[in-house]
Each structure stands twice: as C-alpha cells, then as structure tokens.
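*Asks:* The following block contains a protein sequence and its predicted model.
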Amino acid sequence: MPDLTIECRPWCKTNEDWEKKVAGSNGKTHTVTWQELPRGSETVYGWTCTCDAFRFGGGKECKHIKAVAASGERCAWNQEAAYGDGECDMPKNHKCPKCGGEMSAIRIGV
C-alpha cells in the first residue's frame, strides 16, 4: 500500500466559520452560520440557524439557510476547487483572491 503524501491547500476562512444576521418573518433576527458541526471524530462543516424551524426540525435546512446559501455571500474559495493540485501557495498578503478576506491552510492526504 502506498504512503500518503500530505499536501497543503490554502482556502478562505469562510470555509471554517461564517455568519450572517437575517430578519425573520416574525420580526426576530436570526443568525445563519457555516461552521464545524459535532460529528464524532471526523471534521464536518455545515449550516445552522437560530430559528425555531431549524432547532425543532432536527437540523433540516430552514428558509433562512436556503436563502443565505443561495445568495452566494459566503465566499468558500479554496485552491483545490479553483486550481486543482498544487503546493501551499499562500498569497503574500494572505488575503483570499476571491473576496479579500482572511486565508487559512488545510493539510490533506493524497
């Protein structure tokens, strides 16, 4: 069995943590978040919302999540999706080339 090679991939911090306040139909403000979700030992990211429909719906996407996800406001840029394989070429200014936000790097086994 071949050994894994660990490679580094830069990505926008919005892949790790991002939130937006949205107005609900009842006049309340809800927070829609993209974040790490508790799933045992694996790292899983996904949407959450502070509204009752999400909270009591067993984690099913609510209308607030669907609207925010469809809006494209969360950058979600990553080097692998943009360019394919490559080294950990962090931009010199460490800013996301798509949105100008913070960058981070992940290591993956290939």
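*Replies:* Perfect, thanks for sending it.
*Asks:* ok, which stretches of the chain are helices?
*Replies:* Ranges of helices in the chain, per DSSP state H, are 52-56, 63-71, 79-83.
*Asks:* Isn't A67 up against K20?
*Replies:* No: using C-beta atoms under 8 Å as the test, A67 is too far from K20 to be in contact (9.7 Å). All C-beta spots, glycine's among them, are computed from the backbone N, C-alpha and C.
*Asks:* Quick one: end-to-end length of stretch 43-52, please.
*Replies:* End-to-end span of stretch 43-52 (C-alpha to C-alpha, to the nearest Å): 25 Å.
*Asks:* Could you give the separation of that stretch from the chain centroid?
*Replies:* Offset of stretch 43-52 from its chain centre (C-alpha atoms, centre = their mean, to the nearest Å): 11 Å.
*Asks:* list the buried ones in it?
*Replies:* Neighbour counts over stretch 43-52 (16 or more other C-beta atoms under 10 Å) mark W47, T48, C49, T50, C51 as buried.
*Asks:* do stretch 66-85 as well
*Replies:* Neighbour-count burial for stretch 66-85 [16+ other C-beta under 10 Å]: V68, R74, C75, A76, W77, N78, Q79.
*Asks:* Now those residues in JSON lines, please, with extra columns for distance to S104.
*Replies:* Listed next are the buried residues of stretch 66-85 as JSON lines, based on distance: C-beta to C-beta, whole Å:
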{"residue": "V68", "distance to S104": "21"}
{"residue": "R74", "distance to S104": "14"}
{"residue": "C75", "distance to S104": "12"}
{"residue": "A76", "distance to S104": "12"}
{"residue": "W77", "distance to S104": "11"}
{"residue": "N78", "distance to S104": "10"}
{"residue": "Q79", "distance to S104": "11"}
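*Asks:* Which residue in those residues has the weakest pLDDT?
*Replies:* Of all the buried residues of stretch 66-85, Q79 carries the smallest pLDDT score, 76.
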